[in-house]
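> Predicted coordinates and the sequence they were generated for:
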Amino acid sequence: MEDGTKKRVPVSLGEGVPGVSVATDADREDYGSAAGLVERVRRAVHDPERLRVLRQFGLLEIPPGERFDRLTEFASEHLRAPVAMITLIGEERQRRISAVTPLDWQERRWDPVEDALDVVPLALREAVVVEDAGSHPLLRHSSLVRTSGVVAYAAVPLRLEPGLTVGAMSVADLEPRTWGHREIELLRLLARAATLELERLITSSREAAAMRDLEEAPAETESIRRASGDFLSVMTHELRTPLNSIIGYAEMLERTRDGSMTERQRELIGRIGSQSRGLLGLVNDVFRMSRIESGLVTTSETDVDVGAVIQSVAKKLKGRRGDRGVVLRLDLPEHANPLRTDREQLFQILAALVGRALKSTEKGQVVVRLVTDPDTADPREVRVIDTSPGIPADRIPLLFRPFEPAIGPGGAPNSASGLGLPLAQALAGLLGLQIRATSQIGVGTTFILQLGRAD
């Protein structure tokens, strides 16, 4: 949209704050216009998988809890905000599970979705900062802005694993103000703590359900299988909690610029954060695999623009190339028909394939090519082509075994191992798709995701 025909959101969404949503030219197609933002909110609110999780674990009905209240009270005090809320958003209503608000708001625990402020971070899936809510294309219509006097607003979404956004933690002021970097970072940490508490409640619910399954049908294979999956869910949660804390503290220390740390100390803290994020990713993969194997993952098919998904994957992984000079290139047709599939699962599959290619390629390039039918323009396959050292033919089947390292030329182990490819293959199976690989020593490896239904 180089000519700027679409109207941009007429407020700052956190410009200058790292990681905060900003309406750039590249984003206009998604939410750079008022109409685009409304549509994105609609899709997020009615996302079937998100609503299923809210219903399955009764999150909208959980009673107010002391742990949530401590977080909102801390946010209100240390961010000097008269309003601090933790909300969960259902299909029609927003539930305030904890709130520090003016006296005339205290008894109000539910808001209609059309009145809810936190649908914006829910839809954008990232932090949102607004200095004047009265100028925002959606927030200005809320009664909290029109009649209750909310002016400045900042929020961070609550994202459960694996990536489901169920609500937000937000603060608001009744006077104009600019939210600083440190204030947004503190709000992020508090939102992460609220998310961990939600995951703890979900884990408790799963444990109770697993015990009921074992008591009601101890001899049935299905119950045992689900109990095994729930056990893994509990274990991964217990690992994620301290890892998230380590990552949060490491990120805060990395951003410290008061001269209290040497460059060597800063480097070591960076390594702690990097290694912790890698381990957290592995734990999340174990959790996702256990959900698939337990039959807990459902799919929601829509008409998906495969080229747009590939672009989103490339945007997410653009930092994975490091300083090696590896080029990530997209080869997309001018036109391709939409594919009927689950967008989120397709994104995860492609992210695993492209991420693996970037990890194993030391120099050269990784090309992601969308191949369509020459007659109908229907998408047929996605090829991920790298210039890695290559893999012997007899080792290619081992790529899809969990934690099986690929062996490169001369018998040297390749570092690209773990659960990425097995998880991608399992997700492809759920969607009725197929993944295969070819490789040539000294030339590279190609992963092919066939988009037609597997027979």
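Great, that's in hand.

> Residue 313: what's it in contact with?
347, 350-351, 354, 368 (CB atoms under 8 Å, 6 or more residues apart in numbering). Heads up, the C-betas are built off the backbone N, CA and C, glycines and all.

> Looking at the residues you listed, which is nearest residue 307?
residue 368 (10.0 Å; CB to CB).

> element containing that closest one, please.
Under the criterion of DSSP states H and E, residue 368 resides in strand 365-372.

> can you give me how far the next helix or strand after that strand is from the chain middle?
Once the chain leaves strand 365-372, the next helix or strand it forms, by DSSP H and E, is strand 379-386. How far strand 379-386 lies from its chain's middle: 24 Å, per CA atoms, centre = their mean, to the nearest Å.

> same deal with stretch 54-69?
21 Å.

> can you list contacts of it?
Contacts of stretch 54-69 (CB under 8 Å, 6+ apart): 53, 86, 88, 90, 93, 95, 97-98, 166, 194, 197-198, 201-202, 205-206.

> Domain boundaries for this structure, per the record?
25-176, 217-293, 302-450 (automatic domain parsing).

> Show the end-to-end separation of the last one, please.
When you say that, I think you mean domain 302-450. Its start and end residues considered, domain 302-450 measures 18 Å (CA to CA, to the nearest Å).

> I'd like the mean pLDDT over that domain, please.
Taken as a whole, domain 302-450 has a mean pLDDT of 84.

> which of the residues in the strand holding residue 368 are buried?
365-372 (16 or more other CB atoms under 10 Å).

> residue ranges of the helices in this protein, please?
Here the chain has its helices, by DSSP state H, at 34-45, 48-56, 66-78, 119-124, 143-146, 181-216, 221-254, 263-293, 306-317, 343-360, 420-431.

> quick one: which of those is nearest residue 155?
In terms of CB to CB, the element of those nearest to residue 155 is helix 119-124, at 4.3 Å.

> Quick one: mean pLDDT over the closest one.
87.

> I'd like to know which elements the strand holding residue 368 is packed against.
Packed against strand 365-372, as judged by 3 or more CB pairs under 8 Å, 6 or more residues apart in numbering; DSSP states H and E, are the following elements: helix 306-317, strand 327-331, helix 343-360, strand 379-386.

> partners of it, with directions?
Note on strand 365-372: by DSSP bridges, its sheet partners are strand 327-331 (parallel), strand 379-386 (antiparallel).

> what comes up buried for the first one?
This points to strand 327-331. Quick answer for strand 327-331 (16+ other CB under 10 Å): residue 328.

> export it as CSV, just CAs?
Output in CSV follows, covering the C-alpha atoms of strand 327-331 (Å, rounded to 0.1, in the frame of the first residue of the first chain):
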residue,chain,number,x,y,z
VAL,A,327,20.2,-15.0,3.1
LEU,A,328,16.6,-16.0,3.7
ARG,A,329,14.8,-15.6,0.3
LEU,A,330,11.1,-16.0,-0.5
ASP,A,331,10.0,-17.3,-3.9
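
> related to what we said a few turns ago, in a markdown table, list the buried residues of strand 365-372 along with distance to residue 358.
Converted to a markdown table, the buried residues of strand 365-372 look like this (distance: CB to CB, whole Å):
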| residue | distance to residue 358 |
| --- | --- |
| 365 | 10 |
| 366 | 6 |
| 367 | 12 |
| 368 | 10 |
| 369 | 15 |
| 370 | 18 |
| 371 | 21 |
| 372 | 24 |
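
> so residue 389 touches residue 442, yeah?
Yes. Using CB atoms under 8 Å, residue 389 makes contact with residue 442 at a distance of 6.9 Å.

> So which of these two has more stuff around it?
residue 389 (20 against 9; other CB atoms under 10 Å).

> Can you report phi and psi for that one?
Torsion angles at residue 389 (phi, psi; degrees, to the nearest 10) stand at phi -60, psi -20.

> how about the domains of the chain in CSV, adding distance to residue 187?
CSV is the format used below for the domains of the chain (distance: least, CB to CB, whole Å):
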stretch, distance to residue 187
domain 25-176, 5
domain 217-293, 12
domain 302-450, 23
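
> So for residue 185, which of those sits nearest?
domain 217-293 (6.6 Å).

> Could you pull up the mean pLDDT of that closest one?
Domain 217-293 carries an average pLDDT of 71.

> one step back: what's in contact with the strand holding residue 368?
306-307, 310, 313-314, 326-333, 336-337, 350, 354, 357-358, 378-387.

> Just give me how far stretch 45-57 sits from the chain centre.
For stretch 45-57, the distance to the chain centre is 16 Å (CA atoms, centre = their mean).

> quick one: the nearest residue to residue 142 once chain neighbours are set aside and residue 291, what's the gap?
Excluding its sequence neighbours, the residue lying closest to residue 142 (CB to CB, 6 or more residues apart in numbering) is residue 115, at 4.9 Å. Counting by CB to CB, to the nearest Å, the gap from residue 115 to residue 291 is 34 Å.

> more crowded one of the two?
Neighbours per residue, other CB under 10 Å: of residue 115 and residue 291, the larger number sits with residue 291, 20 against 17.

> my read: that one touches residue 297, true?
Yes. Residue 291 lies in contact with residue 297 (CB under 8 Å); the separation is 5.0 Å.

> So which residue is dead centre in the chain?
Nearest to the mean C-alpha position of the chain, counting by CA atoms, centre = their mean, stands residue 163 at 3.7 Å.

> list the contacts for the closest residue to it other than its chain neighbours?
Spatial nearest neighbour of residue 163, chain neighbours left out: residue 344 (7.3 Å); criterion: CB to CB, 6+ apart. Listed by CB under 8 Å, 6+ apart, the contact set of residue 344 reads 49, 163, 300.

> which one among those residues gets closest to residue 244?
Nearest to residue 244 out of the contacts of residue 344 is residue 163 (CB to CB; 14.5 Å).
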